[in-house]
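[1] Using only what follows, build the 3D model:
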Amino acid sequence: QPLFVESGGGLVQSGGSLSLSCVASGVAFSHYHIGWYRRAPGKAHEEVSCIAANGAGTYYAPSVKGRFTISRDNNKETVYLQMNSLKPEDSAVYYCAAALLGCGLPPGPVTKWGQGTQVTVSS
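    Below you'll find the model as predicted:
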């Protein structure tokens, strides 16, 4: 499965926007569904959004639907997450990973996690 380096996080006020990106390394990026996940302190990884290998299908968690947009560029081996209308409850470390069990499902037990990028939304 590909490994990712995430970037684009930061501190933003409630209602603001951030654009995250993650660049893959490893093999066969275009073969995988890719998810954006987040992890708040003391909580498990939560899938925020996911995009199919060919980019034709997407999934959004109900909490972010209508505010976040996922996209991918298989030529650049990069996945993007545009986050608008951010809320304090969106604060977490955000990660990219292969959605080994499929979009809309929890991350698999052998999912490989990168460093992530911190998103902090102030009220």
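
[2] in this protein, which spans are helices?
    For the chain, none of the segments meets the definition of helices by DSSP state H.

[3] Quick one: residues contacting the spatially most central residue of it.
    For the chain, the residue nearest the mean C-alpha position is Trp36 (1.7 Å; Cα atoms, centre = their mean). By Cβ atoms under 8 Å, 6 or more residues apart in numbering, Trp36 lies in contact with 20, 22, 47-50, 68, 70, 79, 81, 94-96. (Glycine included, C-beta is placed from N, CA and C.)

[4] Show me the shaky parts of the protein.
    Of all residues in the chain, none has pLDDT under 70.

[5] That one: strands as residue ranges?
    3-7, 10-13, 18-25, 34-39, 46-51, 58-60, 68-73, 78-83, 92-98, 117-122 (DSSP state E).

[6] which parts of the longest one are buried?
    The neighbour-count check on strand 18-25 (16 or more other Cβ atoms under 10 Å) flags 18, 20-24 as buried.

[7] again, but for the first one
    Within strand 3-7, the residues that qualify as buried by neighbour count (16+ other Cβ under 10 Å) are 3-4, 6.

[8] quick one on the thing from earlier: specify which member of the buried residues of strand 18-25 is nearest to Ser85.
    Among the buried residues of strand 18-25, Leu18 lies closest to Ser85 (Cβ to Cβ), at 11.0 Å.

[9] quick one: that closest one from Thr69, how far?
    Distance check for Leu18 against Thr69: by Cβ to Cβ, to the nearest Å, it reads 12 Å.

[10] Repeat that for Leu105.
    Taking Cβ to Cβ as the measure, Leu105 and Thr69 are separated by 21 Å.
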